[in-house]
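In: Build me a model:
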Amino acid sequence: MSVKISVNLASEPFRRTRPMLVASGGAAVLLLGLLALLITLSVAQKGQAAQALQNIARLEAQSRMLSAEQAKLENVLRQPENAEVLDRSLFLNSLLYAKGISWTRLFDDLEKVMPYNVRLIQIRPQVNSQNQISLEMVVGADSSEPVIQMLTRLERSPQFGETLIHNRMPPSQSDPLLRFRVSVNYAQKL
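Out: A predicted model of the protein is given here:
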């Protein structure tokens, strides 16, 4: 029986490092490619950022110029000799906003939320300074339950908002209905 003992008499033993060197070289090439891509993206982003800053500066300059022009025009309008024209302009603008309310659409939206036993007696739309519409209404019914049902429907509707009852008027000899004065926000776009 003989036992084989492997003995290497070389000063450096043989190692299989070629696959490891090839893999390391491939990884180095891949990492260099990624580095080049990142540098390219960084340079491109710096160029875009510089262009965005130029656009912002240009828009701010235009904004300042328009604000100065608007202030100059407002000063001209506020002069005593132009006050009448300004008042008339504001009055005409308010009329145009009031005319912008679509009565057909308003009554169509009200028809969807009003119960059959509630009567619309009077309605007056108003436009506030933020161009929001509020409706001042007088409604009538035989009892208060249908009116409460209508108010609940108004608040749940996407076209209408918060409702407020201002007062309640009892029936009279000429009008047998309970009347309620109600205000509600209306979301019709002008």
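
In: for the one helix or strand Ala50 maps to, packing partners?
Out: Using DSSP states H and E, Ala50 maps to helix 18-77. On a contact count with 3 or more C-beta pairs under 8 Å, 6 or more residues apart in numbering; DSSP states H and E, helix 18-77 meets no helix or strand. To be clear about C-beta, it is placed using only N, CA and C from the backbone, and glycine gets the same treatment.

In: Contacts made by whichever helix or strand comes after that helix with the rest, please.
Out: Per DSSP H and E, the first helix or strand lying C-terminal to helix 18-77 is helix 83-99. Helix 83-99 is contacted from outside by 77-78, 125, 127, 131, 190, using C-beta atoms under 8 Å, 6 or more residues apart in numbering.

In: ok now helix 83-99, how far from the chain's centre?
Out: Centroid separation for helix 83-99 versus its chain: 28 Å, with C-alpha atoms, centre = their mean, to the nearest Å.

In: In this structure, what helix or strand scores lowest on average pLDDT?
Out: Scoring the helices and strands of the chain by mean pLDDT, DSSP states H and E places helix 83-99 at the bottom, with a mean of 74.

In: Pick out the most distant pair among the contacts of helix 83-99.
Out: Greatest spatial distance among the contacts of helix 83-99 (C-beta to C-beta): Arg78 and Pro125, at 30.2 Å.

In: of the two, who's got more company?
Out: Neighbour count, other C-beta atoms under 10 Å: between Arg78 and Pro125, Pro125 has more, with 16 against 10.

In: Show the contacting residues for the more buried one.
Out: 98, 101, 106, 133-136, 186.
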